[in-house]
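Colleague: Need a 3D model of the sequence below.
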Amino acid sequence: MADFHFIRPLWLVAIVALIFALYLLKKYRLNQSGWHQLLPVHLSKVLVDGATKTQSISLILPFIIGLLTIIALAGPTWKKLPQPVYQLARGSVIIMDMSYSMYATDLSPNRLTRARYKAIDLLDQLNEGEIGLIAYAGDAFTISPLTEDINNIKLLLPSLSPDLMPALGSNPYSALALANDMLKNAGHLEGDIYWFTDGIDSEDLQDITQWSRNHPYRLNILGIGTSEGAPIKLSNGELMKDDRGSIVIPKLTDKALQGAASSGQGNYARITNSSNDIKHLVSQPIAQDEDKKSESAQTGDQWQEFGPYLLLLVLPLVLGYFRRGNLLAIIPCLFLLTPTKPVHADFWTDLWKTKDQQGQVHFNNKEFEQAAQQFEDPQWQGSAHYNAGNYEQALASFQKGHDADSLYNQGNALAKLNKLDEAIAAYDKALKLNPDHQDAKANKVLIEKLKQQQDQQQQQDQEQQNKQENSDQENQDQQQDQKGEQQQDQQEQNEQQSTDQDQQQNSDENPEQNQQSEQNQQAEQEQNEQQNQEQKEQEAQEQQADQQKDESAEQNAQQQEAQAIKAQQEKETEQKHKQLLNKVTDDPYLLLRNKMQLEYQKRRQDRSSVGVKKKW
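Modeller: From the prediction side, this is the model:
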């Protein structure tokens, strides 16, 4: 009882009003005949028996009733209610195998139909959080992005079939990579992948094991089929055959799928006629049960009110007043207290509920914006902002607290704001105050992994930028060297010209020496003629080089024109696809088929080949 207090202590002021009302009751409502109100005093003393006597009424019972009622309205409490401490949300992705082996008939009517029904059962089991849908064959495609509307996914599931896929084969690694991108881009630091398939080969198992080591998401697998297998019955009624003409009989690879689920820290189940397979698939390990919850019950500052229990003591005490209809006089007062205009609604609500209690009503109705405005408790206010996606405001509210839960919530808000270093520091502070805070430990590990991935990405980007800068610097140095060589050649030509001018001046000043050097001049003339001939040959070479340059420019122009024509054709093709998509909005099958074909064509332009490992 050390925490005993009143939630609405202002109601205790009504005790003064109660005492004043009882005083007036004692003064004016004595237990005497009503004739005293009609007869004069000198006649009432003679005519009314016992006129000189007055009897006082007992006010103990009304005082007890009024006191208990006022205390109940004040909201006595001494016990805290659980307060939600939010963990980073988890997402889920369903991966559907759409290879032709799903047409096998070892399950009635075939594996594909049973897989669709099981996927719907899985959606009903999850029924919360964000869920996405991916289908794959030779390549993987997003059927539905992460959404909380499971009815949308249920609407798309019946349209999935191997005939819908633009690329044949089976490439599960591309589906896992697409699921990772989907969860990571949505900000889910952890989540579950539910994979419905009938088998993988050894190469797939190695790739999936390596993928599971590098990603934090749990991989749960549902095996569709039987170990004996059955022929693949195509949509045209024929049985699928291999290149040698033999009927293909795919079998469920239990051990490989179980190994893949084990490496992905998930569950494996073989399809059954009951719901036990789905229940096992969604069950969480005991160590991770608390991590799965978006709310964990930890003590906060919300208090449980015990006032209504006091009213149970008041009811027996007021039964006697119903005997003669004495309580009917209270009915007009109730009409006066009832609000008649919407303006008084807040005032009326404030009389009976605190701001935190009003905010709790909005919070339970998922009206988080209104709840944040109502809450006075900073932790509850921060929780409302957090659920509304206002992480800056949530952080400001959480920072008003200094206990382990407040610091833990600060770390979650900082993680949502991508301030990973500050989030890790907040988790460390929370663990110092409460070393057993399991949620803080789990989230700290996740944030550290995410930060490590970001650091690796930044390091790769920095290395690529440094390589680009070094390449630019080498090109700049080469240009500077070429400029230096050109300047040196120009300087040598200037020196040769100055030398020729000096020799000419000397010949004019010394005519005798000119006569003596006639033979030298003849030699120089021959040398000049040779130089002129070399210069002509050099000009011819330059002219030929210019001609080649013009031809190269013309070829480049033709290539650019061809590329422009190709881009125009691609644009027209894309417009045709979009027009086709607009025409089939009422048919999910055609809509998905054209969407995936368009996406597949774009991917083929970006990469030369798609990794297809299985033919069926």
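Colleague: Phi first, then psi, for residue 597.
Modeller: Per-residue torsions, residue 597: phi -60, psi -40 (degrees, to the nearest 10).
Colleague: Mind pulling up the pLDDT for it?
Modeller: Looking at residue 597, its pLDDT stands at 78.
Colleague: so it touches residue 167, yeah?
Modeller: No. Here residue 597 lies out of contact with residue 167, judged by CB atoms under 8 Å, at a distance of 9.8 Å. Placement of C-beta: from N, CA and C, glycine included.
Colleague: need the contact list for residue 281.
Modeller: The contact partners of residue 281, by CB atoms under 8 Å, 6 or more residues apart in numbering, come to 122, 194, 220, 222, 267, 269.
Colleague: Confirm it sits in a helix?
Modeller: Yes. Checked against DSSP: H, G, I helix; E, B strand; the rest coil, residue 281 lies within a helix.
Colleague: any idea how far it is from residue 267?
Modeller: 5 Å (CB to CB, to the nearest Å).
Colleague: tell me, what's touching the two both at once?
Modeller: residue 220.
Colleague: For residue 236, the count of nearby residues, please.
Modeller: 6 (other CB atoms under 10 Å).
Colleague: Where does residue 146 sit: helix, strand or coil?
Modeller: Assignment for residue 146 (three-state DSSP): strand.
Colleague: Am I right that it is in contact with residue 91?
Modeller: Yes. Counting by CB under 8 Å, residue 91 is a contact partner of residue 146 at 5.7 Å.
Colleague: quick one: low-confidence parts of the stretch 1-150 of the chain?
Modeller: 1-2, 27-39, 41, 44-58, 80-90 (pLDDT under 70).
Colleague: Same question for the stretch 151-300 of the chain.
Modeller: Short version for the stretch 151-300 of the chain, where the test is pLDDT under 70: 285-300.
Colleague: mind redoing it with 50?
Modeller: 286-300 (pLDDT under 50).
Colleague: And for the stretch 451-600 of the chain?
Modeller: Ranges of the stretch 451-600 of the chain meeting pLDDT under 50: 507, 509-510, 513, 580-581, 583-585.
Colleague: what ranges do the helices span in it?
Modeller: 511-516, 518-583, 588-606 (DSSP state H, counting those that start in this stretch).
Colleague: In space, not sequence, find me the middle residue of this structure.
Modeller: The centroid of the chain falls nearest to residue 186 when counting by CA atoms, centre = their mean (3.2 Å).
Colleague: Just list the residues touching that one, thanks.
Modeller: So residue 186 contacts 91, 130, 146 (CB under 8 Å, 6+ apart).
Colleague: mind running it again at 10 Å?
Modeller: The contact partners of residue 186, by CB atoms under 10 Å, 6 or more residues apart in numbering, come to 89, 91, 93, 130, 132, 145, 146.
Colleague: what do you get for residue 370?
Modeller: Contacts of residue 370 (CB under 10 Å, 6+ apart): 358, 359, 361, 362, 363, 384, 388.
Colleague: and if we set it to 8 Å?
Modeller: 359, 362.
Colleague: Equivalent analysis for residue 124, please.
Modeller: By CB under 8 Å, 6+ apart, the neighbours of residue 124 are residue 150.
Colleague: picking up where we left off before, give me the phi and psi for the residue nearest to the centre of the chain.
Modeller: According to degrees, to the nearest 10, residue 186 has phi -80, psi 0.
Colleague: same question, the one 4 residues further on
Modeller: Here is the backbone geometry of residue 190 (degrees, to the nearest 10): phi -150, psi 160.
Colleague: Show me the shaky parts of the stretch 301-450 of the chain.
Modeller: In the stretch 301-450 of the chain (pLDDT under 50), the answer is 335-345.
Colleague: what are the ranges of the helices in it?
Modeller: So, for the stretch 301-450 of the chain - with DSSP H, counting those that start in this stretch - the helices run 307-318, 330-337, 345-352, 355-364, 368-374, 378-388, 391-398, 404-416, 420-433, 438-509.
Colleague: ok so, going back, now the buried members of the contacts of residue 186.
Modeller: Among the contacts of residue 186, those classed as buried by 16 or more other CB atoms under 10 Å are 89, 91, 93, 130, 132, 146.
Colleague: Dump the residues you listed into TSV; add distance to residue 463 and secondary structure as well.
Modeller: Compiled in TSV, the buried ones among the contacts of residue 186 are given as follows (distance: CB to CB, whole Å; DSSP: H, G, I helix; E, B strand; the rest coil):
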residue	distance to residue 463	secondary structure
89	34	coil
91	32	strand
93	32	strand
130	35	strand
132	33	strand
146	32	strand
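Colleague: Now distance to residue 172 too, for these, in JSON lines please.
Modeller: Output for these, formatted as JSON lines (distance: CB to CB, whole Å):
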{"residue": "89", "distance to residue 172": "26"}
{"residue": "91", "distance to residue 172": "19"}
{"residue": "93", "distance to residue 172": "13"}
{"residue": "130", "distance to residue 172": "22"}
{"residue": "132", "distance to residue 172": "16"}
{"residue": "146", "distance to residue 172": "20"}
